[in-house]
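Enquirer: everything below, folded, please.
(chains A, B, C and D)
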Protein chains: 2
Amino acid sequence: MGESERGTHAQRIRERLRADILKGRLPMGARLKIVELARQYDSSQMPVREALLQLQGEGLVRISPHKGAEVRAVDERFVRNIYDIREILEVFFARRAASVATPRDVAELEAIEDTYERHLEPRGIAQRIRLNLRFHNSIYRLAGNEDALEIIDKHAVVTRLLTRKHNHSPERARQIAEQHRALIAAIAAHDVEAAGEIAGRHMRDASDALVERMRSEASGG
Amino acid sequence: MGESERGTHAQRIRERLRADILKGRLPMGARLKIVELARQYDSSQMPVREALLQLQGEGLVRISPHKGAEVRAVDERFVRNIYDIREILEVFFARRAASVATPRDVAELEAIEDTYERHLEPRGIAQRIRLNLRFHNSIYRLAGNEDALEIIDKHAVVTRLLTRKHNHSPERARQIAEQHRALIAAIAAHDVEAAGEIAGRHMRDASDALVERMRSEASGG
DNA sequence: TAGTGGTCTAGACCACGAC
DNA sequence: TCGTGGTCTAGACCACTAC
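Expert: Below is the predicted model:
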């Protein structure tokens, strides 16, 4: 049996619904009827409800009592909102990291980044995605606020699907590597302002790139 | 029948559970068994599950698949985490508001604040709570990021119960009024830096006051 | 005042942990 | 292997909407 059989029904339904929404197969405003979805996903009502509840937490669905759930617009405004939140959280994390990092923490970041840069060739994309995640997670851990981390994680699931592999093209990979190096330097120097500044720019770049791409896809094809 | 009969079962159970956790009647780490809670709250399993899922979103409960739910520690660390998040969100909102506010928006904030200050006497507490909420909501609306607003709202439910009426004592009310006036001035002047600075201080004050109070309650009685 | 569909109930099913 | 308790199923109940 394939990967798609792992976990609870609710998890599988959540993932399929999320993908369907982000790919535009379920258009904005579409009514999500529980019994219908249960039939469709070959399950029953409770797992569907649970999945919808969690997707509401990710901002992809809106539920009103006794009225039901509908798909939220995954448009430029939504993307901007989410990236604005991620930006201020990333800045917060970077600043914290810069103020508390030990030489040992810095060495760990450098080790991850060294490995990242050994995979800049096109075929290294899977490695790059994993290492980029590890790099940022290391910084988050330094800040020690697991509630903020949860918010980032929730949004990351959505943005990861939205950006697919775009953010990890070889050209962008080199740009990311540069920004990571600059961030490490700022953290090592305990330069709080610079660390926040770099992390913020890093996010604004990602946001602009995604919005740009959404626009060209909307008009071009 | 009283207020406690309104809404869905899930809503009522959520509210009772939240209150029980924040008041310490359900201690940190306590196992939350669905069937047991269903019996206790005179309902059945699905509403309880739904309530637990939503409380997980508020950070009060932790759920792991096939393992169950347990109460998260509502301690100093938790409070600091939540207030750190609120602080950066409030700063974001205030900066945005300062950069986009029209004279009409400023006039609305002033009108709300005028009314607030007409209720500084001890008995005006209910009004103050309501007007303080309206004041902040007006600023949030100016920033136009409903996803960020949702995060604030979620945390606000928790912090409102934690602070009870403490933050609205007459002395603190005057301090709040001062900070609000300063914030309005910064917004009117489109002084982004100052607005962010004031909003941030406003939150740090609230956070410090709450942590201080938790400590004295923990030792004193 | 139906009809639609969200919400809830009772109980079966089955993953996990203890022995 | 067994017990506990989380997860799921089938269908009843009832709030909302349109007529």
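Enquirer: going forward, measure contacts and count neighbours with C-alpha atoms only.
Expert: OK.
Enquirer: which parts of the helix or strand hosting A:E108 are buried?
Expert: Counting by DSSP states H and E, the element that carries A:E108 is helix A:103-117. For helix A:103-117, burial by neighbour count (16 or more other Cα atoms under 10 Å in any protein chain shown) applies to A:D105, A:V106, A:L109, A:E110, A:E113, A:Y116, A:E117.
Enquirer: now do the last one against DNA strand D, distance only.
Expert: From A:E117 across to DNA strand D, the span is 40 Å (Cα to the nearest atom of the strand, to the nearest Å).
Enquirer: next: A:Y83.
Expert: From A:Y83 to DNA strand D the distance is 31 Å (Cα to the nearest atom of the strand).
Enquirer: how about the residues of chain A near DNA strand C?
Expert: For chain A, the residues in contact with DNA strand C (Cα under 7 Å from any atom of the strand) are A:31-35, A:45-46, A:64-69.
Enquirer: format these as JSON lines; extra columns: pLDDT, neighbour count and distance to chain B.
Expert: Below are these laid out as JSON lines (pLDDT from 0 to 100; neighbours: other Cα atoms under 10 Å in any protein chain shown; distance: Cα to the nearest Cα, whole Å):
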{"residue": "A:R31", "pLDDT": "94", "neighbour count": "16", "distance to chain B": "20"}
{"residue": "A:L32", "pLDDT": "95", "neighbour count": "19", "distance to chain B": "18"}
{"residue": "A:K33", "pLDDT": "95", "neighbour count": "14", "distance to chain B": "17"}
{"residue": "A:I34", "pLDDT": "94", "neighbour count": "18", "distance to chain B": "14"}
{"residue": "A:V35", "pLDDT": "93", "neighbour count": "15", "distance to chain B": "16"}
{"residue": "A:Q45", "pLDDT": "93", "neighbour count": "15", "distance to chain B": "10"}
{"residue": "A:M46", "pLDDT": "92", "neighbour count": "17", "distance to chain B": "7"}
{"residue": "A:S64", "pLDDT": "93", "neighbour count": "8", "distance to chain B": "11"}
{"residue": "A:P65", "pLDDT": "90", "neighbour count": "9", "distance to chain B": "8"}
{"residue": "A:H66", "pLDDT": "91", "neighbour count": "8", "distance to chain B": "9"}
{"residue": "A:K67", "pLDDT": "92", "neighbour count": "8", "distance to chain B": "12"}
{"residue": "A:G68", "pLDDT": "93", "neighbour count": "14", "distance to chain B": "13"}
{"residue": "A:A69", "pLDDT": "95", "neighbour count": "21", "distance to chain B": "15"}
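Enquirer: among these, name the ones in helices.
Expert: Members of the residues of chain A next to DNA strand C lying in helices (criterion: DSSP state H): A:I34, A:V35, A:Q45, A:M46.
Enquirer: coming back round to it: out of the residues of chain A next to DNA strand C, who's nearest B:P27?
Expert: Of all the residues of chain A next to DNA strand C, A:M46 has the smallest distance to B:P27: 28.7 Å, by Cα to Cα.
Enquirer: and the closest one, what does it touch?
Expert: Residues counted as contacts of A:M46 (Cα atoms under 8 Å, 6 or more residues apart in numbering or on different chains) are B:M46.
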